[in-house]
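> Test case, fold it:
(chains A and B)
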Amino acid sequence: MSDLGPDSPLTLPGFFDALADETLLGGVCGDCGQVLYPPRPACYACGSRAVEAEPQSKKGTVYSYTAVHAAPPALEAEAPYTIAVVELEDGGRLTGRVDAPYEAVDIGDPVRLRVREPTDAERSIALSYEEDWPLHEFVPE
Amino acid sequence: MRKPVIAGVGASSVGRTELPGRDLFSIAVEEAFAELPAPAELVEAVYVGNQSEQYEHQIMHGTLLAEWAGLRHVPAERVEGCAAAGALALRHAVKDVRSGEHDAVLACGVEKMTAGGTGGATDALSAAFDRAIEQRSGVTAPSQYALLAQRYLHETDATERDLARIAVKNHRNAAANPRAQFSEEIDIETVLESPPVAPPLKLYDCAPVGDAAAAVLVTTPDIAAEFDVPTVAVPGSGASANNIAVAERNMTDIAGARIAAETAYGQAGVEAADVDVAEVHDAFTVSEALLSEAVGFAPAGLGYQSALPPGERDDGWTDVRVSTSGGLKARGHPIGATGLLQAIEGYEQLTGAAGDRAVDGAETALLVNEGGVADAVTVAHVLTAEVAR
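Numbers count the residues shown, from 1 in each chain, chains lettered A, B, ... in the order given. Next comes the predicted model:
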């Protein structure tokens, strides 16, 4: 029997359950050290399947960023909103919203990951299995 | 191994149209087979590049379009890789003819992007990004490419004005292409003053939404020789998938495109410097800069000079002409059809059918078609004018 059920941190339900409890899990490759978001059973960098999910620092720096002016229909009322790729302190990079206007963000800025409930608009486009999943976003430090 | 050739090409107009996808396909087939027997007398298999059933609420495009071409009881299927679907269809056709599985295969692509308005297209395209992290964060196609552009402008000497020059050049090329969605030239200020879509990308940095179908017949040199049609060889075909999430990739060294192009070059026995004309996946201006570097035309950080004539580029650049069709930016980007429209431009450049935009003496073309954002999947083909029997 596979261990990859909904309680496994190497599946999406396991990752989002932990995130709902304020824990950011990264997959960490036992062979090459690559950090994977979200965690998964195999490492893209080296192909190893010796991946373990481990809690990661929520601190990072902005690697790249933009703002969405033309949003998907369900999120139009929220536009413009800022999106960034963040390089996390313990390794790996993760895309997410930034709770700051585009003009206030720059490459290299320190940020911290925060967990929040989905908005009504976000819930309206959630799939059935996503309804209880929290959202992550980044806050300038 | 047999050497596949392209022996017929056709396309509908590109842009906003009242015709559904299947009717656009009928127009493409009519042109592709104008000098050939009917598809049913030649074609043994059909591949259809198609991004999304969201536009027309239709899957089963293999069955549907085979039937609309007059074919039944042949293998026919849709292939999907977002905007690389068209080149994936071409690649399957090339592989079938190479291997001897089939003697003649129809590679086609269709997309009816305008069916759901701009919001419908934005939504359908967002399905190409990682659902768990990226889509739920509200990313869009322009915002994904903007992350690359922001990083490119940070790491290189390129400016927003340099990227604007790529849009200006591609509109100029499109003005000489009767197949293009846009026929009007633009200037740099028009690009720079256009509304922000996802900064640093502005409206005129982005390829438009549009409808089209395109069809390409891939067959053997011997079969093609039975008919009085120009042919080009397809001696190289490469493909490569990379991470689905932009964040996990190298955002300025487009590895998937480099690998796909090197595979195609290797099969064809050519080098980047041999390429005379290239259609690269300029869905956004920055893409043309990044891809020019990835496929070996330009040194790292100088890809944005694709907008300049060969004599004005820095040392290390090849003499290639990029996006002679007008590219995705101005010829148009009807997602599933784009890879085949790139092949049609290569075919026309190498058979002397490119009219006012012809590149003198062009013998080798590179086609680079991407899906997802940047190199989530890349397909590269080399076309050559010389057809070896």
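> For whatever residue of chain A ends up closest to chain B, list the residues it contacts.
In chain A, the residue that lies nearest chain B is A:T66 (3.6 Å; CB to the nearest CB). Yep, even glycine has a C-beta here, placed from its N, CA and C like the rest. By CB atoms under 8 Å, 6 or more residues apart in numbering or on different chains, the contact set of A:T66 is A:82-84, A:102, B:143, B:146-147, B:149-150, B:198-201.
> same question, B:C206
By CB under 8 Å, 6+ apart, the neighbours of B:C206 are B:P142, B:V197, B:A283, B:F284, B:K329.
> is it true that the first one touches A:P72?
Think B:P142. No. Contact criterion CB atoms under 8 Å: B:P142 and A:P72 do not qualify, at 11.6 Å.
> and chain A, which residues reach chain B?
Selection of chain A residues close to chain B by CB under 8 Å from any CB of the partner chain yields A:12, A:15, A:36-38, A:44, A:63-73, A:75-76, A:78, A:80-81, A:83-86, A:92-97, A:102, A:107, A:122, A:130, A:133, A:135, A:137.
> Which one's more surrounded, B:P142 and A:P72?
B:P142 (27 against 21; other CB atoms under 10 Å in any protein chain shown).
> in which helix or strand would I find the more buried one?
Assigned by DSSP states H and E, B:P142 belongs to helix B:141-155.
> What residues of that helix count as buried?
B:141-153 (16 or more other CB atoms under 10 Å in any protein chain shown).
> before we move on, the earlier item: how far away is the closest residue to the residue of chain A closest to chain B other than its chain neighbours from B:L201?
In space, not counting the residues next to it along the chain, A:T66 is nearest to B:A146; the distance is 3.6 Å by CB to CB, 6 or more residues apart in numbering or on different chains. As judged by CB to CB, to the nearest Å, B:A146 and B:L201 stand 5 Å apart.
> which residues do the two both contact?
Common neighbours of B:A146 and B:L201 (CB under 8 Å, 6+ apart) are A:T66, B:F284.
> buried sites along the helix or strand bottoming out on mean pLDDT in chain A?
The weakest-scoring helix or strand in chain A, judged by mean pLDDT, DSSP states H and E, is helix A:120-124 (a mean of 92). Within helix A:120-124, the residues scored as buried using 16+ other CB under 10 Å are A:A121, A:E122.
> That helix: what's the following helix or strand?
Next element after helix A:120-124 (DSSP H and E): strand A:135-140.
> what does that next one contact?
For strand A:135-140, using CB under 8 Å, 6+ apart, the contacting residues are A:19, A:24, A:60, A:62, A:84, A:86, A:94, A:96-100, A:104-105, A:109-118, A:122, B:136-137.
> Okay, and which of the residues you listed map to strands?
A:60, A:62, A:84, A:86, A:94, A:96-98, A:110-116 (DSSP state E).
> So which of the residues you listed is surrounded by the most neighbours?
A:A84 (31 neighbours).
> who's that residue bridged to?
Using DSSP bridges, the bridge partners assigned to A:A84 are A:Y65, A:G96.
> okay, now the domains of the chain?
All of this refers to chain A. Following automatic domain parsing, chain A resolves into domains at A:1-56, A:58-141.
> I was after chain B.
Using automatic domain parsing, chain B is parsed into the domains B:5-117+B:209-225, B:125-207+B:235-384.
> Need the ones you listed in TSV (columns: mean pLDDT and distance to A:V28).
Formatted as TSV, the domains of chain B follow (pLDDT from 0 to 100; distance: least, CB to CB, whole Å):
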stretch	mean pLDDT	distance to A:V28
domain B:5-117+B:209-225	97	30
domain B:125-207+B:235-384	98	14
